[in-house]
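Colleague: here you go, sequence then predicted model.
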Amino acid sequence: MGGTPLSLSTPSPSPNGACPYIRGKFETEFSGESGLGSLIFRDRDKLSPRYVPSSLPHREAQLETLSSFYMYKLDRPGGSYLTCCQLIGPVGTGKTACILNFGRAFESEAVKRRVKLRHAYLNCKVDGSNRYKLYRNLLSKVAPEVSTGGMSPEEMLHQLLEYLEAEKMFLMITVDEVGYFYRGSSEPLIYDLTRLNEIYPYKPCRVVGVAFISRSLEFHDKLDESERSTLGRLIISFPKYTASQVRDILEERVEEAFQPGAVSEDVLDFVSEIVADPPINGDMRVALDLLYYAGTLAENMGAERVRPEHVRRVYGETHPAITTQDIIELDVHEKLALYALLRLLEGRASPYATLSEIRDEYEFICEERGLEPRGCFEELMQELLDRQIVEMKSLLKFTICDVPAGKLRAYLNGLLRRLEG
């Protein structure tokens, strides 16, 4: 679809799943406390991508697999080999939350068994895109008292193992965004970390495991045969979330983050369906942002509940899709059918309108304007569907996601008046 977006022009979502426009515009315009005294929020921090909940719906199998790879090592610390695994899946599919959740459980179980163990998480985008920065940050997280001045990357790894031995400590390492690392570097990061047990071959390796996280297996193309061999094929897959899975996750977060009744079942369904479809494709980080900023918008507008219009406004200003050209190209009756849908949706608690409701409203609008309704109303709606201006969520339920209904209705109303003149 071409032309000027009806909603404000914005950049594409950032690689970590959160749209920079959301974090810029909405955090400035709609900032607020975590939830103190709010009619909408109980604790908005529970919608942060940095929050790792104790429950991860639809990732139980992945957590169980991680447990099978590593938990047994606590039975005989120092008596097992270094185990490497890979967590692979698109952005927003729970990879980071899963490894952090497991790392927390791993450390907790180690305490119960009186084993000194740490989980160290590194992100190549944050902690460094070369080995020197990564290993320096690894040491600062595990052994902050150790000075790394003047050390090479290899010397830092030697220092790490010596520290673990001296402290009788075991370590699991996670390296997130490893695909990003290999897009800009040819350094042997994976070679180093998968062969830590070979630095002191006659001693037990106190690094019990290394987990690598990536959006795809494309980084394998940058590895030589020896690196691929030691990396192994222990792969845990993270598929995209479906609409029902997104809803289950959001339902739990809503209970933690929002006041009772602030987010209706219809709004949950609406957000879940938006997020499951392209271009978001099940990215939970976007889902959480969408709910967060829709809730913040509702709060700052003085509303007591999050409504579909709040969701549409946030989504429409971050993922503009409908353009002025799309609307101008519609014929009069197609515009009136769209206008009927918008008039029904504006201010409605439900994000949907049925085909019969839209038809009745369309016929009423035609009567208001002294026009004869078109015979086959279904063809009008099919044209709007084909042009991707409206969406059909079930056989007889229609909605619009990309632009606030009131905003588009006002624009369309002005256009119809000009056509009449």
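Modeller: Okay, I see it.
Colleague: R285: which element?
Modeller: Using DSSP states H and E, R285 sits in helix 284-300.
Colleague: quick check: what element follows that helix along the chain?
Modeller: Using DSSP H and E, the helix or strand that follows helix 284-300 in sequence is helix 308-318.
Colleague: okay, helices next: where are they in the stretch 201-350 of the chain?
Modeller: Taking DSSP state H, counting those that start in this stretch, the helices of the stretch 201-350 of the chain run over residues 225-231, 243-257, 265-276, 284-300, 308-318, 324-328, 332-345.
Colleague: those helices into a markdown table, with extra columns for distance to I358?
Modeller: (C-beta placed from N, C-alpha, C; glycine too.) What follows is these, written out as a markdown table (distance: least, C-beta to C-beta, whole Å):
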| stretch | distance to I358 |
| --- | --- |
| helix 225-231 | 55 |
| helix 243-257 | 23 |
| helix 265-276 | 17 |
| helix 284-300 | 24 |
| helix 308-318 | 16 |
| helix 324-328 | 17 |
| helix 332-345 | 5 |
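Colleague: hey, least reliable of the ones you listed by pLDDT?
Modeller: Mean pLDDT is lowest for helix 324-328 among those, at a mean of 73.
Colleague: picking up where we left off before, looking at the helices of the stretch 201-350 of the chain, spot the one closest to S394.
Modeller: Taking C-beta to C-beta, helix 265-276 is the member of the helices of the stretch 201-350 of the chain nearest to S394, at 10.0 Å.
Colleague: please name every helix or strand in contact with the closest one.
Modeller: Contacts defined by 3 or more C-beta pairs under 8 Å, 6 or more residues apart in numbering; DSSP states H and E place helix 265-276 against helix 243-257, helix 284-300, helix 308-318.
Colleague: in the first one, which residues are buried?
Modeller: Looking back up the chat, that one is helix 243-257. Of the residues in helix 243-257, A243, Q245, V246, R247, I249, L250, R253, V254, A257 count as buried by neighbour count, 16 or more other C-beta atoms under 10 Å.
Colleague: one more: stretch 327-335?
Modeller: By neighbour count on 16+ other C-beta under 10 Å, the buried set for stretch 327-335 is I327, L330, H333, E334, K335.
Colleague: equivalent analysis for stretch 184-203, please.
Modeller: For stretch 184-203, burial by neighbour count (16+ other C-beta under 10 Å) applies to E187, P188, L189, I190, D192, L193, T194, R195, L196, N197, I199.
Colleague: buried stuff in the strand or helix carrying E64?
Modeller: Using DSSP H and E, E64 sits in helix 60-70. By neighbour count on 16+ other C-beta under 10 Å, the buried set for helix 60-70 is Q62, L63, T65, L66, F69, Y70.
Colleague: out of the residues you listed, who's nearest S356?
Modeller: Q62 (44.0 Å).
Colleague: wait, isn't that closest one in contact with I236?
Modeller: Yes: here Q62 reaches I236: they are 5.2 Å apart, a contact under C-beta atoms under 8 Å.
Colleague: check the contact lists of these two and give me the overlap.
Modeller: Common neighbours of Q62 and I236, using C-beta atoms under 8 Å, 6 or more residues apart in numbering, are L87.
Colleague: need the distance between the two termini of stretch 256-273.
Modeller: Stretch 256-273 has an end-to-end distance of 21 Å (criterion: C-alpha to C-alpha, to the nearest Å).
Colleague: ok, and what's touching it?
Modeller: By C-beta under 8 Å, 6+ apart, stretch 256-273 touches 35, 38-47, 53, 243-244, 246-247, 250-251, 254, 287, 290-292, 294-295, 298, 304-308, 311, 349-352, 393, 399, 401.
Colleague: swap the cut-off to 7 Å and go again
Modeller: If you take C-beta atoms under 7 Å, 6 or more residues apart in numbering as the criterion, stretch 256-273 is touched by 39-44, 46-47, 243, 246-247, 250-251, 254, 287, 290-291, 295, 305-308, 311, 349-351, 393.
Colleague: surely L66 is in contact with F102?
Modeller: Yes: between L66 and F102 there is a contact under C-beta atoms under 7 Å: 4.5 Å.
Colleague: all strands of the stretch 51-200 of the chain, in order?
Modeller: With DSSP state E, counting those that start in this stretch as the criterion, the stretch 51-200 of the chain has strands at 83-88, 117-123, 170-176.
Colleague: deepest of the ones you listed, which one?
Modeller: Comparing the strands of the stretch 51-200 of the chain by mean neighbour count (mean count of other C-beta atoms under 10 Å), strand 170-176 ranks first with a mean of 23.
Colleague: angle of it against strand 83-88?
Modeller: Angle, strand 170-176 to strand 83-88, by axes from the mean of the first three to the mean of the last three C-alpha atoms, to 10 degrees: 30 degrees.
Colleague: hang on, the earlier thing: can you list the buried residues of helix 60-70 in TSV and add distance to P77 and pLDDT?
Modeller: As requested, the buried residues of helix 60-70 are exported to TSV (distance: C-beta to C-beta, whole Å; pLDDT from 0 to 100):
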residue	distance to P77	pLDDT
Q62	24	98
L63	22	98
T65	21	98
L66	18	98
F69	15	97
Y70	12	97
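Colleague: for the residues you listed, which one is nearest L87?
Modeller: Checking the buried residues of helix 60-70 against L87 with C-beta to C-beta, the nearest one is Q62 at 7.5 Å.
Colleague: which residues sit in contact with the closest one?
Modeller: Listed by C-beta under 7 Å, 6+ apart, the contact partners of Q62 are C98, I236, F238.
Colleague: same question for Q382.
Modeller: Shown in contact with Q382 (C-beta under 7 Å, 6+ apart): no residues.
Colleague: quick one: it from L355, how far?
Modeller: Using C-beta to C-beta, to the nearest Å, Q382 is found at 11 Å from L355.
Colleague: go on, A143?
Modeller: According to C-beta to C-beta, A143 stands 65 Å off from L355.
Colleague: neighbour count for these two, which is higher?
Modeller: Applying other C-beta atoms under 10 Å to A143 and L355 shows that A143 carries more neighbours, namely 20 against 16.
Colleague: now do the end-to-end distance for stretch 251-266.
Modeller: Start-to-end, stretch 251-266 (C-alpha to C-alpha) is 12 Å.
Colleague: cool, stretch 43-58 as well?
Modeller: One end of stretch 43-58 to the other measures 23 Å (C-alpha to C-alpha).
Colleague: cool, and stretch 194-211?
Modeller: 10 Å.
Colleague: what is the mean pLDDT for it?
Modeller: For stretch 194-211, mean pLDDT is 91.
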